[in-house]
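Colleague: coordinates only, no sequence provided:
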Ligand code: NAD
């Protein structure tokens, strides 16, 4: 590990699962009751905005009741103590990484606790509901939507992610199924660039064979163990 200076970490729903936030695959969970195409596409928002706003209002309220787990805290510690470059790219729209102490963060799929005004194109911190069509704090129009990247929309800051991958020595994927692109393609991109790749997941992801190394187990166990190892 001594030659590793720059690290890019990709996280997915699995890192928040033990905080009580459903992944897509959680049996009996949220995603068995809602199909992504009914609530997480621009077409769904145009067709039934109340359904979509109500869904995100429910989730925005729920995440504020959840707490960061040992995996978030370990990554927060890594951020504080790692002297090389570090970028934690998360597909999660919760704020548990930040509440776990991580600062070098990039939310490629947006953030629950932001609202995006489609009239003035500004983002505002937002903790309450959107279903009653509140006015944008910046322009006063009632045109706020969740600041979340829906299926069919372009993830945020892809240039910054690829720049970090080009400078990385190690790419670590944590708790993501490898089913949603472009994030699922980062491991191949990293390998093409000669970057070492490590997967930490409960079970092998769809792209598992692309990783140099896979460690299986719950995030609250295997992430703190890996952080301990890399900081040693
Ligand atoms: P996914 O639901 O497709 O896959 C979850 C992955 O996490 C699986 O590979 C599973 O093996 C793993 N996992 C489950 N429990 C785990 C645990 N305790 N420890 C370690 N790994 C565990 O989620 P995804 O790959 O992130 O992609 C789906 C998309 O939906 C992404 O955009 C994702 O962020 C979004 N999503 C976000 C949240 C959130 O913000 N917390 C929740 C659900 C879905």
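Modeller: Now that the structure is in, tell me what you want to look at. Fair warning: this is a prediction, and the values are worked out from it, not measured in the lab.
Colleague: quick one: list the elements packing against the longest strand belonging to the chain.
Modeller: If you go by DSSP state E, the chain has its longest strand at strand 110-117. Judged by 3 or more C-beta pairs under 8 Å, 6 or more residues apart in numbering; DSSP states H and E, the packing partners of strand 110-117 are helix 49-63, strand 123-125, strand 144-148. C-beta coordinates here come from the backbone N, C-alpha and C atoms, glycine included.
Colleague: tell me where the protein has strands.
Modeller: 7-11, 86-90, 105-107, 110-117, 123-125, 144-148, 170-174, 196-201, 213-216.
Colleague: of those strands, which is nearest residue 22?
Modeller: Each of the strands of the chain has some distance to residue 22 by C-beta to C-beta; the shortest is strand 110-117, at 13.6 Å.
Colleague: where's that closest one relative to the chain centroid, distance-wise?
Modeller: 13 Å (C-alpha atoms, centre = their mean, to the nearest Å).
Colleague: in it, which residues are buried?
Modeller: Within strand 110-117, the residues scored as buried using 16 or more other C-beta atoms under 10 Å are 110, 111, 112, 113, 114, 115, 116, 117.
Colleague: partner strands of it, with direction?
Modeller: Neighbouring strands of strand 110-117 in its sheet, by DSSP bridges, are strand 123-125 (antiparallel), strand 144-148 (antiparallel).
Colleague: any idea of the mean pLDDT in that strand?
Modeller: Strand 110-117 shows a mean pLDDT of 97 in the predicted model.
Colleague: check stretch 83-92 too.
Modeller: 98.
Colleague: for that stretch, list every residue counted as buried.
Modeller: Neighbour-count burial for stretch 83-92 [16+ other C-beta under 10 Å]: 86, 87, 88, 89, 90, 91, 92.
Colleague: could you dump those to JSON lines with distance to the ligand?
Modeller: Shown next, in JSON lines, are these (distance: C-beta to the nearest ligand atom, whole Å):
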{"residue": "86", "distance to the ligand": "20"}
{"residue": "87", "distance to the ligand": "16"}
{"residue": "88", "distance to the ligand": "13"}
{"residue": "89", "distance to the ligand": "11"}
{"residue": "90", "distance to the ligand": "7"}
{"residue": "91", "distance to the ligand": "3"}
{"residue": "92", "distance to the ligand": "3"}
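Colleague: distance of the residue in the chain sticking out farthest from the centre from the ligand?
Modeller: In the chain, the residue that sits farthest from the middle, by C-alpha atoms, centre = their mean, is residue 140; the gap is 29.8 Å. Per C-beta to the nearest ligand atom, to the nearest Å, residue 140 is found 30 Å from the ligand.
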